[in-house]
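Undergrad: From the sequence below, what's the structure:
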Amino acid sequence: MITVVGAGTGAPVPADVLAGAALVAGGRRHLDAVRLPDGVRRVVLGPLAPALDAIARCVEEELPVVVLASGDPGFFGIVRALAERFGPGLLDVRPGVSSVAAAFARIGLPWDDAVVVSAHGRDLRTALNVCRARPKVAVLTGPGAGPAELGAAVPAGRMLVVASALGDPERERVERVTPAEAAARDWGTAVSVVLCLDETRALGPVRTIAGVPEPPSRWALDESRFTHRDSMITKFEVRALALARLGPRLGDLVWDVGAGSGSVAVECARHGAAVVAVEKTPDGVERIRANAAAHGVAVEVVHGSAPAALDGLDDPDAVFVGGGGRELPAVVAACARRARRTVVVAVAALDRVPAAREALTGAGFACDGVLLQSSRLAPLPGDVTRLAATNPVFVLWGVRTPASREGVSQ
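TA: This next block holds a predicted model:
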């Protein structure tokens, strides 16, 4: 039997659990915090493979093993690796309080509406994009993915709560800092978890489903749901296809370039993606912000003209390009150089289509597209209905091929 004990957030390890063990494995700080009986072998959990091999030898000899872990070892912890190697039936898991639960408890907030993301041994960009998109996020940190790295990239309006050495009565610290303050410090190795909060929305509504928010029940919303100027808005038929090809999801970063009213940006944010909307007109910038606020989503707005305005932005997973000015080929080409997955272009002018397509294929994308021509039901006097045609729109999309991934951060 392998007994897995969650420790490190205030709960002591029961002495009787250790008494009969032939081998005790754990992080160095957990092993140093307990008194082991004479003759018990210690294995430090650094590289996982050697420790699992040592546990396997004990299992083969039917010798009892104890594994010490932080907090709740079934929550982004070692239980997964042990269950995969030895089967869950061989595990006796005794969870402690997770670092996430402890951190939220320290600041007096519920966390059933928090999104938890691990950056420990994983790509930091996913955690960053979740922090940009959601108002309440807990980030499990690791080397190269700590408070300083988060602070250097998350929006300035967020507050970071850095919880270190949770459960240690002498060393525990819970600090509220701005992203800039977090980025300027060396936090050492004792950080347990970082909470990233939009404090204006930190106490969310009552939830039925914990964690990741439910997807929107409707998408490709009617144009009347957005503030726009003189019908200058991506129509819902076009938006529906664009969203299907963009595939926005939690952890993604999407650019909406030439955003106009920001309808595509808002819809991508409603699906959980972090979104940057690039718009060159001051009134357009204000409309995007108003529409994002009306739908309760976070959209970062960059006031400027593409492609120059794209410099300095993090590489996106997907890009939507609207409008069709003379600069369109250069904008599409710039987006295609940076996009990790796909670029979608909506353009009304036939003359712009070949150049936009060439910009996608020239970047190594597999390109496809359609001409959307829709007619909507419209009432007429006498309780009859006619068809009212909308303007035709070309929708092109390019998907990055394996051969075109070189030079793009993955």
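Undergrad: Only C-alpha atoms from now on, for both contacts and neighbour counts.
TA: Noted.
Undergrad: T141 and A119 touch, don't they?
TA: Yes: using CA atoms under 8 Å, T141 makes contact with A119 at a distance of 5.2 Å.
Undergrad: These two: who's more crowded?
TA: T141 (24 against 20; other CA atoms under 10 Å).
Undergrad: Look up how far R80 lies from the more buried one.
TA: 18 Å (CA to CA, to the nearest Å).
Undergrad: With E199 instead?
TA: E199 is 33 Å from R80, by CA to CA.
Undergrad: could you show me where the helices are in the protein, in order?
TA: Under the criterion DSSP state H, helices of the chain are mapped to 15-19, 28-32, 48-60, 79-86, 99-107, 124-133, 147-151, 179-183, 236-246, 263-270, 282-294, 328-338, 353-362.
Undergrad: Just put the ones you listed in JSON lines and tack on mean pLDDT and distance to D230.
TA: Below are the helices of the chain laid out as JSON lines (pLDDT from 0 to 100; distance: least, CA to CA, whole Å):
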{"stretch": "helix 15-19", "mean pLDDT": "80", "distance to D230": "72"}
{"stretch": "helix 28-32", "mean pLDDT": "80", "distance to D230": "64"}
{"stretch": "helix 48-60", "mean pLDDT": "90", "distance to D230": "61"}
{"stretch": "helix 79-86", "mean pLDDT": "93", "distance to D230": "55"}
{"stretch": "helix 99-107", "mean pLDDT": "93", "distance to D230": "47"}
{"stretch": "helix 124-133", "mean pLDDT": "94", "distance to D230": "30"}
{"stretch": "helix 147-151", "mean pLDDT": "94", "distance to D230": "40"}
{"stretch": "helix 179-183", "mean pLDDT": "94", "distance to D230": "39"}
{"stretch": "helix 236-246", "mean pLDDT": "95", "distance to D230": "16"}
{"stretch": "helix 263-270", "mean pLDDT": "96", "distance to D230": "14"}
{"stretch": "helix 282-294", "mean pLDDT": "95", "distance to D230": "12"}
{"stretch": "helix 328-338", "mean pLDDT": "95", "distance to D230": "22"}
{"stretch": "helix 353-362", "mean pLDDT": "94", "distance to D230": "24"}
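Undergrad: In contact with T189, which residues are there?
TA: Contacts for T189 (CA atoms under 8 Å, 6 or more residues apart in numbering) come out as P143.
Undergrad: again but with R386, I slipped
TA: So R386 contacts 377-380 (CA under 8 Å, 6+ apart).
Undergrad: Please repeat the previous calculation with a cut-off of 6 Å.
TA: Counting by CA atoms under 6 Å, 6 or more residues apart in numbering, R386 touches 377-378.
Undergrad: what's the neighbour count on P50?
TA: By other CA under 10 Å, 13 other residues sit near P50.
Undergrad: Compute the distance between it and A25, please.
TA: 11 Å.
Undergrad: With L31 instead?
TA: L31 is 8 Å from A25, by CA to CA.
Undergrad: So for the two, which sits in the more crowded spot?
TA: More neighbours surround A25 than the other of L31 and A25, with 23 against 19 (other CA under 10 Å).
Undergrad: Could I get the contacting residues of that one?
TA: Applying CA under 6 Å, 6+ apart, the residues contacting A25 are 42-44, 67.
Undergrad: How about F226?
TA: So F226 contacts N291 (CA under 6 Å, 6+ apart).
Undergrad: quick one: it from E170, how far?
TA: In terms of CA to CA, F226 sits 53 Å off from E170.
Undergrad: Could you give the number of residues near A33?
TA: A33, neighbours per other CA under 10 Å, totals 12.
Undergrad: Cool, thanks, signing off.
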